[in-house]
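Trainee: build me a model:
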Amino acid sequence: MTRVAIVGGGSVSQLHAQAIRLVPEAELLGFVGSAGAQMRATEFSTQQWPTLEAAAHAGADVAVICTPTGTHAEIGTRAAGLGMNILVEKAMDISLAAARSLVAAAQDNGVVLGVVSQGQFEPPFEELLSAVESGRLGVPTLASASRKCWRDRQYYRGWHGTHAMDGGGAMINQGIHKVDQLCRLMGRARRVTGWTRTLAHAIEVEDTAIALVEFENGSVGTIEATTAFYSAGATPAEQTTVDTLQLSGDAGSAVISKGVLSTSWSGVSGPPPAVPHGARLDLFRRQHEDFVHALAEGRAPRVTGQEGLNALELVLAVYESARTGTTIELDDWAEAPRLDFSHGSAHR
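Mentor: Model (predicted):
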């Protein structure tokens, strides 16, 4: 039985707790943190600890990190030092140096590091990935990823939209869902040109970003991310969201939109069934199940620390391109120590 402690008590910690409870080989021991963690511990009738050390002493062997992004690497490194395996929410952190230090800490302490990316467990994405890996699309040519949604003032009242804890805005928080999928399909990016703007919110970071990307396999792509796509719904679940992934090759093409995969290859085209209702929780369950099974089987989880690094590297390169007004060659790029969004719409 894998014993799990969740670090943090925000809304996503609730979703993780629900998902863990659906994995027969996992036991949710409790939550690490203060008031929010205590609230979740009461909700799920579990323990609450003020520190990771206390959770480890209680027998937790996995730390699921659900704290603000800028704290991920520091908390993960402490967990690794305690011998705890780590499943960290995306983005891994707000800087590559911090994220790389987390990967190194996991390796040095012989623990497993995974990155939450529930989108890689969506059935349409799995089918598309299988098609790419089997060569059904032929030589990849063009890819496009888009995440457009609305976030209101309430969303940005806390740590979201800040330099210190979010590290950026729409691209690192919402867009990274699609960036992660794009990197899994296309591989590592070679160069990127990005533009960012702060157009609809009074925040430190961008609410709109676009990027042009060339991948190491020679294909090219585009990325769009915004929280300024207005929708009148009271909650994100009720709002209109554009969430698409498009991929073409010289032997086929595919589009995922609203949970449906449409394909055209080998003389066969058409949409498979949509992702079933209630799939969001099931996607988290599937990722936790994969992580638990990886520990039991002595293998890497489906979404590794290196994959998390690839996505973060591309996101931060978009920001650096927007900041400097230049195309960023990822192999030559030295990460800027701090991103500057203070001039709002003055980005390139």
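Trainee: and the end-to-end length of stretch 40-52?
Mentor: Terminal residues of stretch 40-52 are spaced 16 Å apart (Cα to Cα, to the nearest Å).
Trainee: ok, residues contacting it?
Mentor: Residues from elsewhere that reach stretch 40-52 (Cβ atoms under 8 Å, 6 or more residues apart in numbering): 5-7, 9, 13-14, 17, 21, 28-34, 37-38, 55, 58, 63, 75, 78-79, 82, 84. (C-beta placed from N, C-alpha, C; glycine too.)
Trainee: just the buried residues of those residues.
Mentor: 5-7, 9, 13-14, 17, 28-33, 37-38, 55, 63, 75, 78-79, 82, 84 (16 or more other Cβ atoms under 10 Å).
Trainee: quick one: contacts for residue 92?
Mentor: 72-73, 98-99, 102, 115, 305, 308-309, 312.
Trainee: so of those residues, which ones are in strands?
Mentor: residue 115 (DSSP state E).
Trainee: ok, of the contacts of residue 92, which one's closest to residue 331?
Mentor: residue 309 (14.2 Å; Cβ to Cβ).
Trainee: how near is the nearest residue to the closest one once chain neighbours are set aside to residue 223?
Mentor: Nearest residue to residue 309 in three dimensions, chain neighbours excluded: residue 99, at 5.6 Å (Cβ to Cβ, 6 or more residues apart in numbering). Distance, residue 99 to residue 223, by Cβ to Cβ, to the nearest Å: 19 Å.
Trainee: check residue 146 too.
Mentor: 8 Å.
Trainee: who's more crowded, these two?
Mentor: Neighbours were counted for residue 146 and for residue 223 using other Cβ atoms under 10 Å; residue 223 has more, 26 against 19.
Trainee: hang on, that one in a helix?
Mentor: No. Counting by DSSP: H, G, I helix; E, B strand; the rest coil, residue 223 falls outside a helix, being strand.
Trainee: list the contacts of it.
Mentor: 144-146, 171, 175, 178-179, 182, 209-211, 213, 318.
Trainee: which residues does it bridge with?
Mentor: residue 145, residue 211 (DSSP bridges).
Trainee: could you list the low-pLDDT ranges of the stretch 101-250 of the chain?
Mentor: Applying pLDDT under 70 to the stretch 101-250 of the chain flags residues 234-238.
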